[in-house]
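Engineer: Sequence isn't available, so here's the structure alone:
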């Protein structure tokens, strides 16, 4: 064989028109959720719990996938996207999760069944939001379980207003109007706080109203986690 002819043969083969171009379509499976916000209080959170944009399957307290919000001081612009959300996901939530990605408290929840199949990108714009420890308890606990009696529609049982902007002053180092000598929240000491006592397992006998039952009815799947978050805030609110 004449090896000098090889380059010529290869050139003819490449120019023969037998090689055709192909168009490849790259598909991105599932939906994506984009969170945007300007947040303050992110520096309140430590390594044992996180603020995260997380996907949860029905009946599962552990996130299928999540992205942790960055820790920063002041008013921090956030843009965070979860992609390739599969069909097993029932909700996408802004939530507090632990190291094992277990949901501790839900702050905002999107039910994906509420969106059309053609909605590939779902936008979650939260505007200006307080994501400090107190801000998260306000949104996730007080607004959900407490203000119906303590602040909403002018109702202030026991003279207690737990609506946003009023809860701190009405709780921290504030004397109880229903139990003599008690302080609603003793800054830096959860166990000495009336709030801790009335939300504990034995708290139903302390005041005339069963606050333990209210908490357990609202947080069936994460009752202990909710109690611990409230205690953690009380331990830190004096700092």
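Structural biologist: Right, received. Where do you want to start? Since this is a predicted model, take the numbers as computed values, not measurements.

Engineer: ok now stretch 130-148, how far from the chain's centre?
Structural biologist: Taking Cα atoms, centre = their mean, to the nearest Å, one finds the center of stretch 130-148 at 12 Å from the center of the full chain.

Engineer: contact partners of that stretch?
Structural biologist: With contact meaning Cβ atoms under 8 Å, 6 or more residues apart in numbering, stretch 130-148 is reached by 39-42, 44-45, 51, 69, 96, 105-108, 129, 150, 155, 162-164, 167-168, 214-215, 218-219, 226, 229-230, 232-233, 236-237. Placement of C-beta: from N, CA and C, glycine included.

Engineer: distance between stretch 119-129 and the chain's centre?
Structural biologist: The answer for stretch 119-129 is 14 Å, by Cα atoms, centre = their mean.

Engineer: how about it: buried residues?
Structural biologist: Along stretch 119-129, these residues count as buried under the neighbour rule (16 or more other Cβ atoms under 10 Å): 122, 124, 129.

Engineer: before we move on, back to that, any quick ChimeraX command for the buried ones out of the contacts of stretch 130-148?
Structural biologist: Applying 16+ other Cβ under 10 Å to the contacts of stretch 130-148, the buried members can be selected in ChimeraX as follows:
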select :39,40,41,42,44,45,51,69,96,105,106,107,108,129,150,162,163,164,167,214,215,219,226,229,230,232,233,237
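
Engineer: Pull the number of nearby residues for the closest residue to residue 194 other than its chain neighbours.
Structural biologist: Leaving aside its sequence neighbours, residue 194 sits nearest to residue 182 (Cβ to Cβ, 6 or more residues apart in numbering; 4.4 Å). The tally of other residues near residue 182 (other Cβ atoms under 10 Å) stands at 18.

Engineer: isn't residue 182 right up against residue 176?
Structural biologist: Yes. Using Cβ atoms under 8 Å, residue 182 makes contact with residue 176 at a distance of 4.1 Å.

Engineer: who touches both of the two?
Structural biologist: residue 194.

Engineer: can I see the domain layout of this structure?
Structural biologist: 31-131, 134-236 (automatic domain parsing).

Engineer: Mind putting those into CSV with mean pLDDT?
Structural biologist: CSV is the format used below for the domains of the chain (pLDDT from 0 to 100):
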stretch, mean pLDDT
domain 31-131, 91
domain 134-236, 94
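
Engineer: which residues are in contact with stretch 65-74?
Structural biologist: 39-40, 42-43, 45, 50-55, 76, 78, 80-82, 85, 97, 101, 131.

Engineer: let's go with 7 Å and repeat that
Structural biologist: 40, 42-43, 45, 50-55, 78, 80, 82, 97, 101 (Cβ atoms under 7 Å, 6 or more residues apart in numbering).

Engineer: elements contacting the longest helix along the chain?
Structural biologist: In the chain, assigned by DSSP state H, the helix with the most residues is helix 223-236. With contacts taken as 3 or more Cβ pairs under 7 Å, 6 or more residues apart in numbering; DSSP states H and E, helix 223-236 sits against strand 103-111, helix 133-137, helix 194-199, helix 211-218.

Engineer: Now do the phi/psi pair for residue 47.
Structural biologist: Backbone torsions of residue 47, given as degrees, to the nearest 10, read phi -70, psi -20.

Engineer: Excluding chain neighbours, give the residue nearest to it in space.
Structural biologist: Spatial nearest neighbour of residue 47, excluding adjacent residues (Cβ to Cβ, 6+ apart): residue 99 at 7.7 Å.

Engineer: now do residue 66
Structural biologist: residue 54 (3.6 Å).

Engineer: so that neighbour makes contact with residue 93?
Structural biologist: Yes. Contact criterion Cβ atoms under 7 Å: residue 54 and residue 93 qualify, at 5.6 Å.

Engineer: in what helix or strand does the most centrally placed residue in the chain lie?
Structural biologist: Centroid-nearest residue in the chain: residue 95, 1.4 Å away (criterion: Cα atoms, centre = their mean). Using DSSP states H and E, residue 95 maps to strand 89-98.
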